[in-house]
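Undergrad: Test case, fold it:
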Amino acid sequence: MKRITITTALLFLISTPCFADIISVTTRTADIVSIPTAEASYVVLRVPLYYPLSYSGESKNNFLHVEDFQGRQGWIHESSISDAATVVVTGNNVNIRRGPATNTPTLFKAKKGVAFSLIQQQGNWLEVKHESGRKGWIYKDLTWGGTAPAE
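TA: Below you'll find the model as predicted:
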């Protein structure tokens, strides 16, 4: 009985996707769909340029199985993604600053779910660029996503 329970648990762990690789959206918008086909699926989530996604390693019919920072899962066509370093804001109404410190002026605010391209990292601060072209610095702990370029 004990052997069956352990075997069942191991099989579950092996079959459960391990989300590790971060990929990002390279098109103005991209659809995350319910199944890996364009014909019979429905849109689970529409995401903007630079939106980071965790890739499980599973792919079918040129679609990749992904998960976002809130745990929403689905399939995205491989033509819409790259391995560019990007982040999404996880905090509410986060300050985007002129420099990598809290004593620098706030340039603008970003809401939860706003995606940015990463320019560089200094300590716990990320220099980011929005699709509108606006740039600034955000505290790393207020984001989720890819690794910043080397310091």
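Undergrad: So which residue is dead centre in this structure?
TA: P52 (2.2 Å; CA atoms, centre = their mean).
Undergrad: out of everything not next to it in sequence, what's closest to that one?
TA: Closest residue to P52 apart from its sequence neighbours, by CB to CB, 6 or more residues apart in numbering: G145 at 3.4 Å. (Each C-beta comes from the backbone N, C-alpha and C, glycine too.)
Undergrad: And Q73, by the same measure?
TA: Excluding the flanking residues, the one nearest Q73 by CB to CB, 6+ apart is E67, at 4.7 Å.
Undergrad: Relative to L107, how far out is that neighbour?
TA: Distance of E67 to L107, computed by CB to CB, to the nearest Å: 31 Å.
Undergrad: now do G91
TA: The spacing between G91 and L107, counted by CB to CB, is 16 Å.
Undergrad: repeat for A115
TA: A115 is 17 Å from L107, by CB to CB.
Undergrad: Between these two, point out the one with more neighbours.
TA: When neighbours are counted by other CB atoms under 10 Å, A115 and L107 differ, and A115 comes out ahead with 23 against 14.
Undergrad: Do a quick rundown of the helices in the chain.
TA: 2-15 (DSSP state H).
Undergrad: Quick check: which ranges of it have low pLDDT?
TA: Applying pLDDT under 70 to the chain picks out residues 1-20, 147-151.
Undergrad: same thing but 50
TA: The chain contains residues with pLDDT under 50 at 1-19, 150-151.
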